[in-house]
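Chemist: next input, structure requested:
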Amino acid sequence: KGAKKESSWSEFQQAIEVSYKSYFENLTPRLKLVDTFLVFLVVVALVQFVFVILVGTFPFNAFLGGFISTVGQFVLTVSLRLQSLQSNSKIFPGISPERAIGDYIFASLILHFIVYHFI
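Modeler: I've put the predicted structure just below:
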């Protein structure tokens, strides 16, 4: 059992190493910016969640609006990232990077308009 468990762990570590190296080999400045924004959105969502746990949910609509806005923006940004990868051009035929940015901006405006009216 111990050898099998150790083998699984080393395979897991090797898979993580390969993924890490592949990520940085294929990383463009545009994707780095998108990924940085995604990390920022996760941090903002965590801060909001911890704030609600520690302080309370008094302005519940404000918390809900902020949290939904953060999660929605994360989903839209992941969609933008997927559409802007060259390797996904077969999955999204006919969608240029310019159109992906335009769709992203339009969807973000709609999201924040809805959240603003919710609050």
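Chemist: going by residue numbers, what spans are strands in this structure?
Modeler: For the chain, strands defined by DSSP state E do not occur.
Chemist: could you list the low-pLDDT ranges of this protein?
Modeler: 1-6 (pLDDT under 70).
Chemist: list the buried residues in the top helix by length along the chain.
Modeler: If you go by DSSP state H, the chain has its longest helix at helix 29-55. Neighbour counts over helix 29-55 (16 or more other C-beta atoms under 10 Å) mark 34, 38, 41, 44-45, 48, 52 as buried. For every residue, glycine as well, the C-beta is placed using N, CA and C.
Chemist: of the residues you listed, which is the nearest to residue 108?
Modeler: residue 41 (11.8 Å; C-beta to C-beta).
Chemist: from memory the closest one sits against residue 76, does it?
Modeler: No - using C-beta atoms under 8 Å, residue 41 is not in contact with residue 76, being 9.9 Å away.
Chemist: thinking again about what came up before, which strands and helices lie in contact with the longest helix of the chain?
Modeler: helix 60-84 (3 or more C-beta pairs under 8 Å, 6 or more residues apart in numbering; DSSP states H and E).
Chemist: distance from the helix it packs on to the middle of the chain?
Modeler: 8 Å (C-alpha atoms, centre = their mean, to the nearest Å).
Chemist: what comes up buried for that helix?
Modeler: 63-67, 69-70, 72-74, 76-77, 80-81, 83-84.
Chemist: could you dump the buried residues of helix 29-55 to TSV with distance to residue 12?
Modeler: As requested, the buried residues of helix 29-55 are exported to TSV (distance: C-beta to C-beta, whole Å):
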residue	distance to residue 12
34	27
38	24
41	27
44	30
45	27
48	32
52	34
